[in-house]
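In: any chance you can model this:
(4 chains)
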2 protein chains.
Amino acid sequence: MKAANKHTKIIHAATKVFAKKGFFNARISDIAKEAKVADGTIYLYFNNKFDILISVFEEEIGALIEQVKKLLSTEDDPRKMIEIFTRNHLSVMKKNKHLAEVIQIELRQSAKLIKDYRNNKFSEYVDIISSIIKLGQERSIYRATIRPGIAKRAFFGALDEISRVWTVGIATDYTVEEATQQILDIFLCGILEPDAPCL
Amino acid sequence: MKAANKHTKIIHAATKVFAKKGFFNARISDIAKEAKVADGTIYLYFNNKFDILISVFEEEIGALIEQVKKLLSTEDDPRKMIEIFTRNHLSVMKKNKHLAEVIQIELRQSAKLIKDYRNNKFSEYVDIISSIIKLGQERSIYRATIRPGIAKRAFFGALDEISRVWTVGIATDYTVEEATQQILDIFLCGILEPDAPCL
DNA sequence: ATACAATAAATGAATAGTCATTCATAATAC
DNA sequence: GTATTATGAATGACTATTCATTTATTGTAT
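Out: Numbering: from 1, shown residues only, chains lettered A, B, ... in the order given. A predicted model of the protein is given here:
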């Protein structure tokens, strides 16, 4: 089997296992079993257990960034752009529960787990939000008093917590589309210029 | 030393150690050292390591609930109530970094760590937000189309992510008061009746 | 007061189980 | 036949929990 192939297989297996058991309860042998390789094989592709986790972040979030950037590239209206980001994030998180769990839980620990790992990809992802807000401000669509660096966190935090319900498995009484509409309703009307039409 | 005293000492020590090292990297001996008791003493007050973590949640969040409910009891305007909740949450999280870290990181894992623990206290805390929203809707201050069950999560998620910056130790370029104003600006204008004055 | 016993609280070294990582060996490819 | 890739049992380090022992507290009789 080609190396790249096995590398990817291990990443996907690790995402699944980390999501199910959490980083610390995940055994290397669990990941090996899931990927259908020997325990030792994993060490041909990764330096250690932390390295696997970092790679999961980098590659899975990297793919997410590519996907949403591609979707956004065809749109010019900052209002629609926020809508696209929201719907994409929520639907990916609802569909790909393993990735959702890793982002929601393991990513938060990473600073504590691994010194000198800065989550560059994650920052890049969240910064997409602030760049949309800035664009909207330049065009006087979003209010100038909104601070993009704060709003991006508020917005991402809201999406993250909304989608957390789906992974935790609480009886979910709302769909992706309903959640998207509510988020847009709350946020857009909050960050639109006062005299702009609200939705 | 009185029993209740030692119990509390261990809880505080555990909060500190869990915050610094995370649940899995925290050794019982670390907690014992921090609390200035012997390792074995901890097992006179708690059944096991998980039990310590659950007690940290219940007691620390319990105190937080008491505090914010007391503050809210003197206020009647749903707009002011949201403001009080926001300012209180952010300032507690900025001051009590240990608690903040435990809530932001360990609490999220708890469902995976400990079967049949439902985070009742945490739900109770977040439900304060939805009850404020409902109150505002009854009085036609908040729009009826807002779903309190979704909005409470969006709101809490925003606060949580905003305050996460302070614990992670990223160079923070905003104060509690600035963050509070931004959050209120974004959310209140979003959930206020369209013809109501925006801030 | 004082001595003694009984109970409760606290200690920390020893146990027992868990797993990440290594590496001698085997299989496969070239 | 050499190089590359894969294997999985063995190693070694780590730590939650236990429990035999010590120390402190309380009660009682003299």
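
In: from here on, just use CA atoms for contacts and neighbour counts.
Out: Will do.

In: so how far is A:I11 from whatever residue of chain A ends up closest to DNA strand D?
Out: Closest to DNA strand D within chain A is A:G40: 3.1 Å, counting by Cα to the nearest atom of the strand. From A:G40 across to A:I11, the span is 15 Å (Cα to Cα, to the nearest Å).

In: more neighbours: which of those two?
Out: Neighbours per residue (other Cα atoms under 10 Å in any protein chain shown) separate A:G40 from A:I11, with A:I11 holding more: 22 against 11.

In: let me see the contact set for the more buried one.
Out: Applying Cα atoms under 8 Å, 6 or more residues apart in numbering or on different chains to A:I11 gives the contacts A:52, A:55-56.

In: make CSV out of those and add neighbour count, distance to DNA strand C and pLDDT.
Out: Listed next are the contacts of A:I11 as CSV, based on neighbours: other Cα atoms under 10 Å in any protein chain shown; distance: Cα to the nearest atom of the strand, whole Å; pLDDT from 0 to 100:
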residue, neighbour count, distance to DNA strand C, pLDDT
A:I52, 21, 9, 95
A:S55, 17, 13, 93
A:V56, 24, 15, 93
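
In: among the residues you listed, name the ones in helices.
Out: A:52, A:55-56 (DSSP state H).

In: can you pull the domain assignment for chain A?
Out: Listed by automatic domain parsing, the domain ranges of chain A are A:1-46, A:50-191.

In: residues in chain A within reach of DNA strand C, list them.
Out: A:1, A:24-29, A:39-41, A:43, A:47-50 (Cα under 7 Å from any atom of the strand).

In: so where is chain A shaky, pLDDT-wise?
Out: For chain A, applying pLDDT under 70 flags the ranges A:1-4, A:115-116, A:190-197, A:199.

In: could you pick out the longest helix of it?
Out: Longest helix in chain A, counting residues (DSSP H): helix A:148-168.

In: can you spell out which helices and strands pack onto that helix?
Out: Where contact means 3 or more Cα pairs under 8 Å, 6 or more residues apart in numbering or on different chains; DSSP states H and E, helix A:148-168 is packed against helix A:78-95, helix A:97-101, helix A:120-138, helix A:176-191, helix B:148-168, helix B:176-191.

In: got the angle between that helix and helix B:148-168?
Out: Angle, helix A:148-168 to helix B:148-168, by axes from the mean of the first three to the mean of the last three Cα atoms, to 10 degrees: 120 degrees.

In: contacts for helix A:148-168 next, please.
Out: A:86, A:89-90, A:93-94, A:97, A:100-101, A:104, A:126-127, A:129-131, A:133-134, A:172, A:179, A:183, A:187, B:111, B:150, B:153-162, B:179, B:182-183, B:186.

In: what sits against A:H89?
Out: A:L159.

In: how close does it get to DNA strand C?
Out: 30 Å (Cα to the nearest atom of the strand, to the nearest Å).

In: swap in A:E101?
Out: 18 Å.

In: how about that residue, what does it touch?
Out: By Cα under 8 Å, 6+ apart, the contact set of A:E101 is A:19, A:164, A:167.

In: in JSON lines, list those along with distance to A:K69.
Out: Output for those, formatted as JSON lines (distance: Cα to Cα, whole Å):
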{"residue": "A:A19", "distance to A:K69": "25"}
{"residue": "A:R164", "distance to A:K69": "23"}
{"residue": "A:T167", "distance to A:K69": "25"}
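
In: pull out the buried members of those residues.
Out: A:19, A:164, A:167 (16 or more other Cα atoms under 10 Å in any protein chain shown).

In: just the contacts of A:I11 now: which is nearest B:I146?
Out: Among the contacts of A:I11, A:V56 lies closest to B:I146 (Cα to Cα), at 36.3 Å.

In: assess the claim that that closest one and A:A14 are in contact.
Out: Yes. Here A:V56 reaches A:A14: they are 7.5 Å apart, a contact under Cα atoms under 8 Å.

In: what touches both of the two?
Out: Common contacts of A:V56 and A:A14 (Cα under 8 Å, 6+ apart): none found.

In: buried ones in stretch A:109-122, by neighbour count?
Out: Within stretch A:109-122, the residues that count as buried by 16+ other Cα under 10 Å are A:109-110, A:112-113, A:119, A:121-122.

In: quickly find the element holding A:T145.
Out: Assigned by DSSP states H and E, A:T145 falls within no helix or strand.

In: how far off centre is stretch A:103-118?
Out: Between the centre of stretch A:103-118 and the centre of its chain there are 14 Å (Cα atoms, centre = their mean, to the nearest Å).

In: that one near chain B anywhere?
Out: Yes. Against chain B, stretch A:103-118 shows contacts by Cα under 8 Å from any Cα of the partner chain at A:104-105, A:108-109, A:111-112.

In: so which of those are in helices?
Out: Among those, the members falling in helices (DSSP H) are A:108-109, A:111-112.

In: need those in CSV (columns: distance to A:M81).
Out: Converted to CSV, those look like this (distance: Cα to Cα, whole Å):
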residue, distance to A:M81
A:R108, 26
A:Q109, 30
A:A111, 30
A:K112, 33
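
In: closest to B:A144 out of those residues?
Out: Nearest to B:A144 among those is A:R108, at 34.6 Å by Cα to Cα.

In: count of neighbours near that closest one?
Out: Neighbours around A:R108, by other Cα under 10 Å: 19.

In: need the contact list for the residue nearest to it when sequence neighbours are not counted.
Out: The shortest distance from A:R108 to any residue other than its chain neighbours is 6.2 Å, reached at B:I105 (Cα to Cα, 6 or more residues apart in numbering or on different chains). By Cα under 8 Å, 6+ apart, B:I105 lies in contact with A:105, A:108-109.

In: the closest residue to A:L99 other than its chain neighbours: which element?
Out: Of all residues not flanking A:L99 in the chain, A:T15 sits nearest, at 6.5 Å (Cα to Cα, 6+ apart). Assessed by DSSP H and E, A:T15 sits inside helix A:3-21.
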